[in-house]
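[1] test case, fold it:
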Amino acid sequence: MSTTPPVRPSSAADDAPLNPALKQVRDDTYGPDQEGTDPMDTVSVKKDEGTAWPMIWLVVTIVCVLITLALWL
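    So this is what the prediction gives:
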């Protein structure tokens, strides 16, 4: 038994003999000279934004429990 792997025939990058979908294609639309903005620069959060959500969930939970008890009893 041999420990060396079998030699695979080398193929060019443009050659995909079995499956053309496996052909390697490089998108030249974007390059290293392209720059974007940092996503964190566009985040805007106001002070105390979202602090009401725990109270909303508490009220919704209580209402659901009361509906469940009303239907069950």
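
[2] what are the ranges of the helices in the chain?
    Remark: helices assigned in the chain by DSSP state H are 53-72.

[3] most centrally placed residue in it?
    Among the residues of the chain, the one closest to the centroid is residue 39, at 15.1 Å (Cα atoms, centre = their mean).

[4] how distant is stretch 61-73 from the center of its chain?
    37 Å (Cα atoms, centre = their mean, to the nearest Å).

[5] ok, now how distant is residue 62 from residue 50?
    To residue 50, residue 62 is 20 Å away according to Cβ to Cβ, to the nearest Å. C-beta here means a position set from N, CA and C on the backbone, and glycine is covered the same way.

[6] what is the neighbour count of residue 26?
    6 (other Cβ atoms under 10 Å).

[7] from residue 49, how far out is it?
    43 Å.

[8] same check, this time on residue 58
    According to Cβ to Cβ, residue 58 stands 18 Å off from residue 49.

[9] and if you look at residue 36?
    Distance from residue 36 to residue 49, by Cβ to Cβ: 26 Å.

[10] the more surrounded of those two?
    With neighbours defined as other Cβ under 10 Å, residue 36 and residue 49 compare such that residue 49 has more, 9 against 6.
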